[in-house]
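> pasting the sequence and the predicted coordinates here, then a few questions.
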Amino acid sequence: MAERRVADRYVVRSLLGRGGMGAVWRAEDTVLRREVALKQVQPPASVPEDERTAMRSRIMREARAAARLNHPGAATVYDVIEERGQVYIVMELLRAPTLADLVERDGPLPPARAARVGLGVLDVLRAAHRRGIVHRAVKPSNVMVPPDDGGKLADFGIASLQGNPQITSSGLILGSPAYMSPEQARDGACGPAADLWGLGATLYFAVEGRGPFDRGRALPTLTAVLHADPPPPRNAGPLEPVLTSLLEKEPERRPTGIRAERMLRDVAGEGEPRPSQPPAPPASVISPDQPTEPDTHRPLPAVRARRRAHGRRAGALLGAAVLLVLAAVAVTGVGRDEPGRRGAERPQAAPDRPGRPGGTPGTAAVPQGWTRYTDAATGYRIAHPDGWDVERLDDSRTDFRDPVTGTYLRVDWTDSPGDSPVAAWRSQSEAFGAEHADYREIRITPTTYKGFDAALWEYRYSEGGAELRAANLGFTTGDYGFALNFQTRTGRWRASQDLFAAFKDSFQAPG
């Protein structure tokens, strides 16, 4: 029999699995001479042709986005191909059983082992969320369990399609209802909190051997997701509070990735969270981009600073580091939503609380009840309210976040600033608006800040059902360029202006 080739490069060897959206084959990449997983994406025959065409376009787009993810816990997307009306995604071949296969073969996992698997998956998710990528289909068959129990996550690139509980005109429900979040089942809305729900349902399966809402058929299962409480787990032990919090019906009541990691580490006996992946290579402009994980008690997506292209551009405000997509992208721990480089020290904020309001160029006021933070790399100083979370995302970006409301300030810096803050923000406003729902630029105006040339960019947009408003203050101090990016819900904007002003007053440039 003649061998089957795709794109005149990938030789199909054997079938690895088949599901509702196609088949996965073991294949050989004849150019790089390595084995790969070749996913042939095939919408069910009952889906009308116009919907199939739209699906193919979406799959191609999402697979290209997922290919930018470079995380050891994610199955890497190598290539995406459209050939003869078929879409193929070429992925890393993971040689490990899925969590579904493992539980079927060996029975439910002990709580500590399930927590270790969950930590591996959460690390990938947090990295993804920091890049603005939501998996949308976290479920046992997409979690691979290597011998070290560090769960790996597969199916980035088509998961958003699989996870969309869309009912086609033919009445077919696409996706896996048993692991969809209530907000997905209701209206298809997906933010990072939806992935944390999927993680909770997956870990419930890991210790109980069944999904918390599985009723055997799609519509009863979706009804249970929306309205029923999960049966109390019998085998979860210390993992039960984690499952309960992750499976809250309202996304704003679920924990953030950071808090979920801490809870899972307690169950796994691993202690404090690890620092995140190293920073990405230098690029040119600091600009807000997709949301990171939302914080506890409200689905507030954060605007992150994205680094683009290489080199220094005229008109660029700040040279920055490109965040690697989903990979060690830091989420988590949105891969790890967290700081720095493996083995790097976490940032320290030296207590420095007394102070007076106001501030003059070159000085930094520390309001009562605030703590001063000093950046180890540049020496800049800023204060934040006591009780706020401080997360160093990489060498140049640090978040100060209210764990209750999700309001936050991100400080980003570069040592190769461009020439015009206004030009940089105008350029990024157009790009940001093209990628975010309901984006509206409020103003981009030149200004001065503590004697420095600056520009203020204010805007609104929507994410995950939340209406958000942000102000990004960019300025150059000579050796460095800085961005102070403040964001909160639109309804909190007026009341938060004194807070933003206090942040600005408390900032002290290095040197």
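Sure, I can see it. Numbering: from 1, shown residues only.

> C-alpha only now, for contacts and for neighbours.
Noted.

> can you tell me how far the closest residue to residue 30 other than its chain neighbours is from residue 66?
Spatial nearest neighbour of residue 30, excluding adjacent residues (Cα to Cα, 6 or more residues apart in numbering): residue 9 at 5.5 Å. The gap separating residue 9 from residue 66 is 21 Å, by Cα to Cα, to the nearest Å.

> and the residue nearest the centre of the chain, how far from residue 263?
Per Cα atoms, centre = their mean, the C-alpha nearest to the average position across the chain is that of residue 129, at 0.3 Å. According to Cα to Cα, residue 129 and residue 263 sit 19 Å apart.

> same question, residue 494
Applying Cα to Cα to residue 494 and residue 263 gives a distance of 34 Å.

> that older thread, helix, strand, or coil at the residue nearest to the centre of the chain?
Secondary structure state of residue 129, per DSSP: H, G, I helix; E, B strand; the rest coil, is helix.

> now do the helices in the chain.
For the chain, the helices defined by DSSP state H cover 49-66, 99-106, 111-130, 159-162, 182-187, 192-208, 218-227, 240-246, 257-268, 421-435, 497-506.

> ranking the ones you listed by burial, who's on top?
The highest average neighbour count among the helices of the chain, using mean count of other Cα atoms under 10 Å, belongs to helix 111-130 at a mean of 29.

> let me see the contact set for the nearest residue to residue 143 once chain neighbours are set aside.
Nearest non-adjacent residue to residue 143, counting by Cα to Cα, 6+ apart: residue 153, 4.9 Å away. In this structure, residue 153 makes contact with 73-75, 121, 124, 138, 142-144, judged by Cα atoms under 8 Å, 6 or more residues apart in numbering.

> residue 118 versus residue 153, what's the distance?
Per Cα to Cα, residue 153 is found 10 Å from residue 118.

> repeat that for residue 204.
11 Å.

> residue 100 now?
Counting by Cα to Cα, the gap from residue 100 to residue 118 is 14 Å.

> how about residue 250?
Relative to residue 118, and taking Cα to Cα, residue 250 is found at 21 Å.

> next: residue 499.
36 Å.

> can you check residue 402 too?
25 Å.

> what's the answer for residue 112, then?
Counting by Cα to Cα, the gap from residue 112 to residue 118 is 10 Å.

> next, the contact list for the residue nearest to residue 194 when sequence neighbours are not counted, please.
Once flanking residues are discounted, residue 194 sits nearest to residue 181: 5.4 Å by Cα to Cα, 6+ apart. Applying Cα under 8 Å, 6+ apart to residue 181 gives the contacts 194-195, 197-198, 225, 249.

> cool, and residue 475?
317, 421, 448-449, 452-455, 481-483.

> hang on, the earlier thing: mean pLDDT lowest where, among the helices of the chain?
Among those, helix 159-162 carries the lowest mean pLDDT, a mean of 42.

> give me the pLDDT value at residue 318.
33.

> next: the one 3 residues further on.
For residue 321, the model assigns a pLDDT of 26.

> flag the shaky bits of the stretch 351-500 of the chain, pLDDT-wise.
351-365, 464 (pLDDT under 70).

> and if we set it to 50?
Residue ranges of the stretch 351-500 of the chain with pLDDT under 50: 351-362.

> one step back: how close does the residue nearest to residue 194 sit to residue 86?
Separation of residue 181 from residue 86 (Cα to Cα): 30 Å.

> which residues does residue 17 form beta bridges with?
residue 24 (DSSP bridges).

> neighbours around it, how many?
11 (other Cα atoms under 10 Å).

> list the contacts for it?
23-25.

> and if you look at residue 402?
Per Cα under 8 Å, 6+ apart, neighbours of residue 402: 387-389, 408.

> most surrounded residue in those?
Ranked by neighbour count (other Cα under 10 Å), the contacts of residue 402 have residue 408 at the top, with 24 neighbours.

> ok, residue 112 touching residue 268?
Yes - assessed by Cα atoms under 8 Å, residue 112 is found in contact with residue 268 at 4.4 Å.

> what pLDDT does the model give the nearest residue to residue 35 once chain neighbours are set aside?
Among residues not flanking residue 35 along the chain, residue 28 sits closest, at 4.5 Å (Cα to Cα, 6+ apart). Note on residue 28: pLDDT of 96.

> what's the separation between residue 28 and residue 97?
From residue 28 across to residue 97, the span is 20 Å (Cα to Cα).

> the two: which has the busier surroundings?
A count of neighbours by other Cα under 10 Å puts residue 28 above the other of residue 28 and residue 97, at 19 against 16.

> how close does that one sit to residue 22?
Using Cα to Cα, residue 28 is found at 19 Å from residue 22.

> now residue 92
In terms of Cα to Cα, residue 92 sits 17 Å off from residue 22.

> for the stretch 401-511 of the chain, just list every one of the strands.
Counting by DSSP state E, counting those that start in this stretch, the stretch 401-511 of the chain has strands at residues 408-414, 437-449, 452-463, 466-476, 481-489.

> which one of those lies nearest to residue 45?
Set against residue 45 and scored by Cα to Cα, these come closest in strand 437-449, at 32.1 Å.

> which elements pack onto the closest one?
Applying 3 or more Cα pairs under 8 Å, 6 or more residues apart in numbering; DSSP states H and E, we find strand 437-449 packed against helix 421-435, strand 452-463.
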